[in-house]
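1. pasting the structure only:
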């Protein structure tokens, strides 16, 4: 970590095309890539509804119910105390990364996280399909129904849901049916999808680091001012960098979520007694388990094609010779050597 911080300090932002490679063996914090093209979704006037909706959904399922929160402002404040929101939006694209920077729980690996994210999306979309009001009343689907099927069912009604279902409440606090409808967007080819990119959970996936750019572009992932992280406290750059890392877990006593026997379970072996006591009330994850048991939700095996991910990460313009005598080049040598030697497969 200290070497990574030193690398950031000595590397200009415009040259900082750095990514975290997420090994399938590592425990992970929850992370989300939320994005859509603006010109393909011109009917969305408020681009904050969808992101805030999904942040609230995440907070609900990953925390103990708290009856002392009685206003949407308090709820939102609690959400942003846990979730770091990074933004690289432009005039053409809405782009956020959500990271559980102060996690209440972690996941055994990225495969379990992928199943959890898909189950949550299926849960909230099915709740929209099944809800009934004066403006929306359709027959609920029978039998197998994937996320794609649910999207197809909802698309013809998307404008009605967004405009007329603002008072239709859900089981999740301070989230309406209309809010969930903003999670459905059109992609570059005008196909309807969710704004949550589930491709980031494939094995050996790479996730762009905080304050880093895509190669050849000048759009660093910066702190969101719309969704400020834990605004009552001040964090140094190095603290934010650490908290933004998916596989860097500062608290080794956090409960860990596993996926066993077709349901999510907690591993409390590393947790303190106080944490175990709190988890007796950690009931919000149970609706997901019940949903997976009784609904038509099914989870495909995670993508294990690592060659595809690897080939995308390699830039065609290779540098065959590097002059190590260049001033300041030495600060990078140890960092790169450690990356290479830490993995026996290199």
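-> Ah, there it is. On a predicted model such as this, the values are computed, not experimentally measured, just so you know.
2. longest helix anywhere in this structure?
-> The residue-count maximum for a helix in the chain (DSSP state H) belongs to helix 110-130.
3. elements contacting that one?
-> helix 49-61, helix 147-154, helix 177-181, strand 256-260, helix 286-294 (3 or more CB pairs under 8 Å, 6 or more residues apart in numbering; DSSP states H and E). Where you see a C-beta, it was placed from the backbone N, CA and C, and this is true even at glycine.
4. which elements pack onto the last one?
-> Helices and strands touching helix 286-294, by 3+ CB pairs under 8 Å, 6+ apart, are helix 110-130, strand 263-267.
5. turn these into JSON lines, columns for mean neighbour count and mean pLDDT.
-> Shown next, in JSON lines, are the helices and strands packed on helix 286-294 (neighbours: other CB atoms under 10 Å; pLDDT from 0 to 100):
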{"stretch": "helix 110-130", "mean neighbour count": "21", "mean pLDDT": "96"}
{"stretch": "strand 263-267", "mean neighbour count": "16", "mean pLDDT": "87"}
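6. adding distance to residue 30, write those out as CSV.
-> Formatted as CSV, the helices and strands packed on helix 286-294 follow (distance: least, CB to CB, whole Å):
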stretch, distance to residue 30
helix 110-130, 6
strand 263-267, 12
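7. compare those and give me the one nearest residue 156.
-> Within the helices and strands packed on helix 286-294, the stretch nearest residue 156 is helix 110-130; the backing value is 11.9 Å (CB to CB).
8. got the angle between that closest one and helix 147-154?
-> Comparing the axes of helix 110-130 and helix 147-154 via axes from the mean of the first three to the mean of the last three CA atoms, to 10 degrees yields an angle of 20 degrees.
9. and helix 110-130, how far from the chain's centre?
-> Distance of helix 110-130 from its chain centroid, counting by CA atoms, centre = their mean, to the nearest Å, is 13 Å.
10. circling back to that earlier point, and of the helices and strands packed on helix 286-294, who's closest to residue 337?
-> Nearest of the helices and strands packed on helix 286-294 (CB to CB): helix 110-130, 26.2 Å.
11. in this protein, where is pLDDT below threshold?
-> Applying pLDDT under 70 to the chain picks out residues 142, 268-283, 294-331, 343-346.
12. please enumerate the helices of it.
-> 2-10, 49-61, 72-82, 110-130, 147-154, 158-164, 177-181, 237-244, 273-279, 286-294, 306-313, 330-342.
13. if we go by neighbour counts, what in the fifth one is buried?
-> Using 16 or more other CB atoms under 10 Å as the test for burial, helix 147-154 gives 147, 149-151, 153-154.
14. and that helix, what does it pack onto?
-> Short answer (3+ CB pairs under 8 Å, 6+ apart): helix 147-154 packs on helix 110-130, strand 192-194.
15. contacts for that helix?
-> With CB atoms under 8 Å, 6 or more residues apart in numbering as the test, helix 147-154 has contacts from 118, 121-122, 125-126, 128-129, 138, 141, 161, 181, 184, 192-194.
16. kindly recompute the last result at 6 Å.
-> 121-122, 125, 129, 192 (CB atoms under 6 Å, 6 or more residues apart in numbering).
17. among those, which two are most distant?
-> Among the contacts of helix 147-154, 122 and 192 lie farthest apart (CB to CB), at 15.4 Å.
18. thought residue 29 was touching residue 110, still the case?
-> No. Using CB atoms under 6 Å, residue 110 is not in contact with residue 29, being 10.6 Å away.
19. okay if I get the contacts of helix 147-154 as a markdown table plus distance to residue 229?
-> Below are the contacts of helix 147-154 laid out as a markdown table (distance: CB to CB, whole Å):
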| residue | distance to residue 229 |
| --- | --- |
| 121 | 24 |
| 122 | 28 |
| 125 | 28 |
| 129 | 34 |
| 192 | 31 |
